[in-house]
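Engineer: my questions concern the predicted model and sequence given below.
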Amino acid sequence: MPLHSDLQQLMDLSGKVAVISGAASGIGKAIAKTLADAGAISIVLDIDRAKGRKAEKEIRSGEGQAFFFHCDVSSSAECQKVVEQIIDEFKHIDILVNNAGVIFRKDSVELDEEEWDKTLNVGLKGVYLLSQQVIPHMSSQHKGSIINIGSGWSFQGGPKAVSYCAAKGGVLNMTRAMAIDHGQQNIRVNCVCPGDIDTPLLESEAQQLGLDYGEYLKEAGERPLARVGTPEDVAKAVLFFASDLSPWVTGAHLAVDGGGTA
Ligand SMILES: NC(=O)c1ccc[n+]([C@@H]2O[C@H](COP(=O)([O-])OP(=O)(O)OC[C@H]3O[C@@H](n4cnc5c(N)ncnc54)[C@H](O)[C@@H]3O)[C@@H](O)[C@H]2O)c1
């Protein structure tokens, strides 16, 4: 079946090196697994060593190749060091997924300055710091795909999430700015904006709001496609942007939210 094999080729990431931040858990882990299943070498970046090594092992237990590296994306020194290590070992980086993020479910009065700084430093500055290190390597091979993980709250406000909404709004507009700056180097930059996805982060949101997680999931599932999302739902959209299925798509965003923001 020629069409089938052509499509397979477009999705094939064999020989590519994909770096995914915050890949020890939830959405990042599913992205690392999906990209590895498509043939890429997935580099699992995270601050959590134990969970990072576990994710590496889980991905390797299938067909995929994965390697864990410790990195706090809010530290420029750590981003610089880890990218040097990856280049030393794997020679190139073809795909970067800026996924690491944290959330505090608080309004402007409740939130303290440290929490504001942490949300912005991990979720927004981290995108800049890691991209800054990776882009020169993509540029030298005149090809690359960067996928930033935004949120439905990149283009809508949400209750008690003021620093998170600021970070995610920034991630989406920064995606467009990066796409403009680096198109000439054939680096595509796109944003995937998930709705509620069943991960430890979502569970912590329920906890922070003092709500039962089961009830929270039930309410979050009230949307056109009548369920909360899975990390794999998001990973499939990332595969689209990471692969040659989207060669002329840059500066774009895709809501993966079961119609929650429709
Ligand atoms: N779960 C949802 O409903 C949802 C919805 C929209 C957007 N998102 C976004 O998706 C991304 C992944 O979220 P998730 O739900 O999988 O969360 P998660 O908490 O399951 O995973 C986040 C990972 O990021 C890591 N991390 C935190 N700070 C870090 C740092 N400084 N450096 C490196 N790694 C760090 C954590 O250790 C963790 O492994 C986040 O950007 C989040 O904002 C999630």
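Structural biologist: Thanks, I have it. Numbers count the residues shown, from 1 in each chain.
Engineer: neighbours of whichever residue of the stretch 51-200 of the chain sits closest to the ligand, how many?
Structural biologist: Scanning the stretch 51-200 of the chain for the residue nearest the ligand gives G101, at 2.4 Å (criterion: C-beta to the nearest ligand atom). Just so you know, the C-beta spots here come from the backbone N, C-alpha and C atoms, and that holds for glycine as well. G101 sits with 25 neighbouring residues when counted by other C-beta atoms under 10 Å.
Engineer: would you mind measuring from D12 to the ligand?
Structural biologist: 26 Å (C-beta to the nearest ligand atom, to the nearest Å).
Engineer: ok, that residue - contacts?
Structural biologist: The neighbours of D12, taking C-beta atoms under 8 Å, 6 or more residues apart in numbering as the test, are 38-39, 243.
Engineer: apply 6 Å and report the result again.
Structural biologist: Residues near D12 by C-beta atoms under 6 Å, 6 or more residues apart in numbering: G39.
Engineer: phi, psi for it please.
Structural biologist: Main-chain torsions, D12, degrees, to the nearest 10: phi -70, psi 120.
Engineer: where do the strands of the stretch 1-150 of the chain begin and end?
Structural biologist: Under the criterion DSSP state E, counting those that start in this stretch, the stretch 1-150 of the chain contains strands at 17-21, 41-46, 65-70, 95-98, 144-149.
Engineer: make a markdown table out of those strands and add mean pLDDT, mean neighbour count and distance to the ligand.
Structural biologist: What follows is the strands of the stretch 1-150 of the chain, written out as a markdown table (pLDDT from 0 to 100; neighbours: other C-beta atoms under 10 Å; distance: least, C-beta to the nearest ligand atom, whole Å):
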| stretch | mean pLDDT | mean neighbour count | distance to the ligand |
| --- | --- | --- | --- |
| strand 17-21 | 99 | 29 | 5 |
| strand 41-46 | 98 | 30 | 5 |
| strand 65-70 | 98 | 20 | 9 |
| strand 95-98 | 99 | 30 | 8 |
| strand 144-149 | 99 | 27 | 5 |
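Engineer: now those strands as TSV including distance to R53?
Structural biologist: Below are these laid out as TSV (distance: least, C-beta to C-beta, whole Å):
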stretch	distance to R53
strand 17-21	15
strand 41-46	9
strand 65-70	5
strand 95-98	19
strand 144-149	22
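Engineer: of all these, which one is nearest I180?
Structural biologist: Of all the strands of the stretch 1-150 of the chain, it is strand 144-149 that lies closest to I180, at 12.9 Å by C-beta to C-beta.
Engineer: partner strands of that closest one, parallel or antiparallel?
Structural biologist: Looking at strand 144-149 with DSSP bridges, its partner strands are strand 95-98 (parallel), strand 187-194 (parallel).
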